[in-house]
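how would this look folded up:
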Amino acid sequence: MTLSRPCALFVLALAAAAAASCGGSSSDSTTTTGPKPAIQLAATASGDGQTATVQTALASALRVLVTLSGSPVPGDTVRWATSAAGGSVNPTQSVTDASGIATTTWMLGQTAGPQDATATLGGATGSPVSFSATATAGAAASLAKGTGDSASSGPNTSLVIHVRAADTFGNSVAGIPVTWNVSSGPATVSPAVDTTGVAGAQTTVQIGATTGPIVITATSAGLTGSPITFHETSAPFATTATVQIGDDFFKSAANGSTPAVDTIAAGGTVTWNWTGTVNHSVQSTGSPSFTSSTIKSSGSYSFTFAVAGTYTYDCAVHGTAMSGTVVVK
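Sure, this is the predicted structure:
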């Protein structure tokens, strides 16, 4: 059927009006006017700032409030997330209720310490909202060797050995008693029992007057890895030591320490070698003292220490900024 021109124009007008009423205009579908919604921590019981054991759910849910011009907004979808390894939120999306509140439950991750979660509402002022929590270590599950194993030191000296208690996720656990015992060798330990802190537990090994191997155990009942065995050595002191003189430092050849610290037996000799290009010297300071070198830019200097004691020295040119120590046993 062919419409007359007036009828055709009327039909076209109706179609245009229908398209406009259904959002058919491109400008209507892409342009947002008016105030934006706002998202924030719920005024009460937001769930922020809680503390719990690693890999457990927080006692209180996380809660945010969505408003528009100060009034609660129901029906908006809030997205939840946490970056903590092993952590999760459930649900990951929730819809605001009649009071504008959206909630989720947060399970903490596996690493002790501060953790965070977020609530996001696209286009909203204040988004994302951040939540913080503190995860504490779980129950102690294992005992691990720390520092101090396979050390060698001379008679009548001491060294420190260390162990660490951890939960099933490797977090340090404090408050665990550790018993130290000398199984064999010329040594004693103090304390015989130490309680772990965040850094673990330790004891000082006092080496006796003789030389030989030393075996020490660290025990904490019920923990995987316990007992732990340390092997130390009481060895004769070195009779020689070499120190590098650079611009501007003294460096021990034996242990790389800067300032240099060297330990030798009484009657031993220390040799300083100039390797830089600037004038330096080995100048004895304090008491006991030893004979100082001249100021020069190359060559070497040696001194034999006959008497036990702790000898300090620096550079006559650069003073205490360039120093070292010789311990004679």
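
C-alpha from now on. contacts and neighbour counts both.
Fine.

moving C-terminal of whatever helix or strand residue 216 lives in, what's the next helix or strand?
Residue 216 is part of strand 212-219, with elements assigned from DSSP states H and E. Downstream of strand 212-219, the next assigned helix or strand under DSSP H and E is strand 228-234.

by how many degrees do that next one and strand 212-219 diverge?
160 degrees (axes from the mean of the first three to the mean of the last three C-alpha atoms, to 10 degrees).

Mind listing what's buried along strand 228-234?
Using 16 or more other C-alpha atoms under 10 Å as the test for burial, strand 228-234 gives 228-234.

returning to that earlier point: just give me how far the strand holding residue 216 sits from the chain centre.
Here the centre of strand 212-219 is set off from its chain's centre by 30 Å, with C-alpha atoms, centre = their mean, to the nearest Å.

Walk me through which strands it pairs with, and which way each runs.
Strand 212-219 pairs in its sheet with strand 177-184 (antiparallel), strand 228-234 (antiparallel), by DSSP bridges.

The ones you listed: which one's closest to residue 76?
strand 177-184 (52.8 Å; C-alpha to C-alpha).

So what touches that closest one?
Contact with strand 177-184 is made by 188-189, 191-196, 201, 203, 213-220, as judged by C-alpha atoms under 8 Å, 6 or more residues apart in numbering.

Also stretch 146-155?
Applying C-alpha under 8 Å, 6+ apart, the contact partners of stretch 146-155 are 159-164, 207-211, 230-237.

If any of these are buried, put those into a PyMOL selection.
Applying 16+ other C-alpha under 10 Å to these leaves a buried subset, and the PyMOL line that selects it is:
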select buried, resi 159+161+162+163+164+207+208+211+230+231+232+233+234+235+236+237
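
Quick test: name the residue nearest the centre of the protein.
Residue closest to the mean C-alpha point of the chain, counted by C-alpha atoms, centre = their mean, is residue 113 at 9.9 Å.

can you pull out the helices in the protein?
With helices called from DSSP state H, the chain shows them at 5-21, 26-30.

Those helices: lowest mean pLDDT?
Per-stretch mean pLDDT for those is lowest at helix 26-30 (a mean of 30).

okay, now the domains of this structure?
38-136, 142-234, 240-328 (automatic domain parsing).

Turn those into TSV, including mean pLDDT.
Below are the domains of the chain laid out as TSV (pLDDT from 0 to 100):
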stretch	mean pLDDT
domain 38-136	98
domain 142-234	97
domain 240-328	97
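
Quick check: residue 309 vs residue 136, distance?
Look at residue 309 and residue 136: by C-alpha to C-alpha, to the nearest Å, they are 48 Å apart.

Looking at those two, which has the bigger crowd around it?
Each of residue 309 and residue 136 has its neighbours counted (other C-alpha atoms under 10 Å); residue 136 has more, 20 against 15.

pretty sure that one is touching residue 112, no?
Yes. If you go by C-alpha atoms under 8 Å, residue 136 and residue 112 touch, sitting 5.0 Å apart.

Need the residues touching each of these two.
Common contacts of residue 136 and residue 112 (C-alpha under 8 Å, 6+ apart): 53-54.

Tell me who's in contact with residue 87.
Residue 87 is in contact with 55, 106-110, counting by C-alpha under 8 Å, 6+ apart.

for residue 66, same thing?
Contact partners of residue 66, counting by C-alpha under 8 Å, 6+ apart, are 37-40, 72-74, 76, 96, 100-102.

what residues does stretch 227-235 touch?
Stretch 227-235 is contacted from outside by 143-145, 148-155, 186, 207, 210-220, using C-alpha under 8 Å, 6+ apart.

ok, so what distance separates residue 50 from residue 58?
Taking C-alpha to C-alpha, one finds residue 50 at 7 Å from residue 58.

So these two - more neighbours on which side?
Set residue 50 next to residue 58 and count neighbours by other C-alpha under 10 Å: residue 58 wins out with 20 against 14.

Backbone dihedrals for the more buried one, both of them.
Per-residue torsions, residue 58: phi -70, psi 150 (degrees, to the nearest 10).
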